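Student: need coordinates for the below:
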Amino acid sequence: MKNFALPVLFSVVLLTATACGGNTGPAAAPTTSASTVGEVAAAAGQGIPKPTAEQEAKLLAAVEKINPAFINRKTVDNARNQCSSILGDSPEANLVRSVKTRFEGLGVESVSDAEAKQLLKAIRTNGFCK
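Tutor: You can find the predicted model right below:
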């Protein structure tokens with residue numbers, strides 16, 4: 001019986017160590033879709049790109065020209081979060097849908113497709129989203 005107990009005990013210890021996050025090898029890469037690459041990069045410590053003060057002022061001016069109702073305390077954060085989707089190479093239809101979702105609320109009942117496309121252009125051409 002002693003010959004059987006040792007391998008079982010070893011297996012239990014090994015399984016416990018690896019299940020508890022033991023550092024026994026390289027971590028498995030997270031499974032991601034193309035639409036979440038930007039979010040994964042941000043979570044991995046690279047961060048969501050942030051505009052400089054000058055870029056932020058230009059972004060707000062561009063957004064205000066599209067629709068002044070889009071200017072609120074979340075405008076820059078919405079643009080930064082949208083940037084993560086842009087960098088994730090999401091399909092254009094998904095980008096339009098996500099920008100509409102991000103910019104609705106706080107006094108904005110809806111964002112048209114045309115406005116969403118203009119917002120995407122403003123974010124893409126601002127210079128911070130890279």
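Student: the strands in the protein, which residues?
Tutor: Assigned by DSSP state E, the strands in the chain number zero.
Student: what is the mean pLDDT for stretch 85-96?
Tutor: The predicted model gives stretch 85-96 an average pLDDT of 94.
Student: which parts of it are buried?
Tutor: 85, 86, 87, 88, 90, 95, 96 (16 or more other C-beta atoms under 10 Å). From N, CA and C alone the C-beta is placed, and that goes for glycine too.
Student: and the fourth one, how far is that from residue 128?
Tutor: Yep, that's residue 88 we're talking about. Separation of residue 88 from residue 128 (C-beta to C-beta, to the nearest Å) stands at 16 Å.
Student: could you do the first one as well?
Tutor: Per C-beta to C-beta, residue 85 is found 14 Å from residue 128.
Student: low-confidence ranges, the chain, go.
Tutor: Residue ranges of the chain with pLDDT under 70: 1-46.
Student: need the helices for the protein, in chain order.
Tutor: Counting by DSSP state H, the segments of the chain that form helices are 2-19, 37-41, 53-66, 75-87, 92-103, 113-125.
Student: packing partners for the third one?
Tutor: I take that to be helix 53-66. If contacts are counted by 3 or more C-beta pairs under 8 Å, 6 or more residues apart in numbering; DSSP states H and E, helix 53-66 sits against helix 75-87, helix 113-125.
Student: same for the last one, what does it pack against?
Tutor: With contacts taken as 3+ C-beta pairs under 8 Å, 6+ apart, helix 113-125 sits against helix 53-66, helix 75-87, helix 92-103.
Student: list the buried residues in it.
Tutor: Counting neighbours by 16+ other C-beta under 10 Å, helix 113-125 gives 115, 116, 118, 119, 120, 122, 123 as buried.
Student: do stretch 106-115 as well
Tutor: So, applying 16+ other C-beta under 10 Å, buried residues of stretch 106-115: 111, 115.
Student: and the contacts of that stretch?
Tutor: Contacts with stretch 106-115, where a contact means C-beta atoms under 8 Å, 6 or more residues apart in numbering, come from 66-67, 69-70, 72-74, 96, 99-100, 103-104, 119.
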